[in-house]
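Trainee: below are the sequence and a predicted model for it; my questions follow.
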Amino acid sequence: ATERLEQERKERERVATEEAAERAEQERSAAIEEAERMELERIILIRKEEEERRSERERSERERLAAEDEQARSEEERPTEERSEAERLEEVRFLREREERTKAEAAAAADAVAEMERLEKERAEEEAGGGAG
């Protein structure tokens, strides 16, 4: 009878240990999922902020270009002989600078897109690795 009671006690301990291990694994999985969800939310927020900043830069650039175009139109309305050589050189310099800024902005945008794609790929690889492991 004592031996049977001892075996039942050991069986209860084994079951309790297994259940505790299962709960610990579920808690660990839930913690990992929560951390991944928070990281994804952080990435989404960062991308949203980057998009807002980019939109603001584009809007400012459009306004600036519109003002520059208006200035150029008013300059063009003056008779050609009134425009000095210095004014023509200034206009050429201005156009070159605008072209350089446009190229730099396009390169920065391409870099940002590449970085976002890299982060998405990294995230997908982590999820695939986590699911397989």
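Mentor: Arrived safely, thanks for sending. Note that the coordinates shown come from a computational prediction; the quantities given were computed from them, not determined experimentally.
Trainee: any idea how many residues pack against residue 10?
Mentor: Using other C-beta atoms under 10 Å, the number of residues around residue 10 comes to 10. In short, each C-beta sits where N, CA and C put it, glycine included.
Trainee: how about it, phi and psi?
Mentor: phi -60, psi -40 (degrees, to the nearest 10).
Trainee: pLDDT at it, what is it?
Mentor: With respect to pLDDT, residue 10 has a value of 96.
Trainee: now it: how far from residue 21?
Mentor: For residue 10, the distance to residue 21 equals 16 Å [C-beta to C-beta, to the nearest Å].
Trainee: low-confidence stretches in this protein?
Mentor: In the predicted model of the chain, residues 78-83, 130-133 satisfy pLDDT under 70.
Trainee: OK, contacts around the most centrally placed residue in it?
Mentor: Centroid-nearest residue in the chain: residue 47, 3.5 Å away (criterion: C-alpha atoms, centre = their mean). Neighbouring residues of residue 47 by C-beta atoms under 8 Å, 6 or more residues apart in numbering: residue 116.
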